[in-house]
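[1] Here is the input, now give the coordinates:
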Amino acid sequence: MYFLNWYDWITPTNPYAALLLGFIFTSLLALAIWFENRSWKIFFISLTTGLVITFIGVALLYSIGWYN
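    Sure, this is the predicted structure:
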């Protein structure tokens with residue numbers, strides 16, 4: 001994982017770090033939602049929504065040159 005720096009959780013320096021940390025934070029949030037509701041449907045909805053938003057956000061930032 002040569003693309004990951006210790007400060008990437010604050011401001012990711014490349015799209016791979018942003019995707020990885022977005023997936024980690026989204027998974028933790030979805031897990032917290034599952035513990036609150038105990039519903040797999042709500043868990044997968046929140047997980048899918050978070051991952052799609054993470055992917056769209058990284059793609060948008062990459063397209064405007066944020067990571068260059």
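[2] helices or strands up against the helix or strand where F25 lies?
    Mapping F25 onto the secondary structure by DSSP states H and E places it in helix 15-37. Counting contacts by 3 or more Cβ pairs under 8 Å, 6 or more residues apart in numbering; DSSP states H and E, helix 15-37 packs against helix 40-63. In this view, the C-beta of every residue, glycine as well, is placed from N, C-alpha and C.
[3] I would like the residues contacting the helix it packs on, please.
    Contacts with helix 40-63, where a contact means Cβ atoms under 8 Å, 6 or more residues apart in numbering, come from 15, 18-19, 22-23, 25-27, 29-31, 33-34, 37, 67.
[4] Tell me what angle that helix forms with helix 15-37.
    The directions of helix 40-63 and helix 15-37 differ by 160 degrees, with axes from the mean of the first three to the mean of the last three Cα atoms, to 10 degrees as the criterion.
[5] So, low pLDDT: which residues of this structure?
    Filtered on pLDDT under 70, the chain yields no residues whatsoever.
[6] ok, back up a step: give me the buried subset of the contacts of helix 40-63.
    Buried subset of the contacts of helix 40-63 (neighbour count, 16 or more other Cβ atoms under 10 Å): P15, A18, L19, G22, T26, A30, I33, W34.
[7] is it possible to export these to TSV including distance to L47?
    Supplementary listing: these in TSV, determined by distance: Cβ to Cβ, whole Å:
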residue	distance to L47
P15	20
A18	17
L19	15
G22	12
T26	6
A30	4
I33	9
W34	9
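[8] wait, isn't D8 in contact with L19?
    No. Applying Cβ atoms under 8 Å, one finds D8 not in contact with L19, separated by 10.9 Å.
[9] So what's the gap between the helix holding F25 and the chain middle?
    Distance, stretch centre to chain centre, for helix 15-37: 6 Å (Cα atoms, centre = their mean, to the nearest Å).
[10] mind exporting it as CSV, just the C-alpha atoms?
    Backbone C-alpha positions of helix 15-37 (Å, rounded to 0.1, in the frame of the first residue of the first chain) are rendered in CSV as follows:
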residue,chain,number,x,y,z
PRO,A,15,-7.8,8.7,-5.7
TYR,A,16,-6.8,5.2,-4.5
ALA,A,17,-6.4,6.4,-1.0
ALA,A,18,-9.7,8.3,-1.2
LEU,A,19,-11.5,5.2,-2.4
LEU,A,20,-9.9,3.0,0.3
LEU,A,21,-10.7,5.3,3.1
GLY,A,22,-14.1,6.0,1.7
PHE,A,23,-14.8,2.3,1.7
ILE,A,24,-13.5,1.9,5.2
PHE,A,25,-15.6,4.8,6.6
THR,A,26,-18.7,3.8,4.7
SER,A,27,-18.4,0.2,6.0
LEU,A,28,-18.0,1.4,9.6
LEU,A,29,-21.0,3.6,9.2
ALA,A,30,-23.1,0.9,7.6
LEU,A,31,-22.1,-1.5,10.5
ALA,A,32,-23.2,1.1,13.0
ILE,A,33,-26.5,1.5,11.2
TRP,A,34,-26.9,-2.3,11.3
PHE,A,35,-26.3,-2.5,15.0
GLU,A,36,-28.9,0.2,15.5
ASN,A,37,-31.6,-1.3,13.3
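[11] That concludes my questions; thank you for your assistance.
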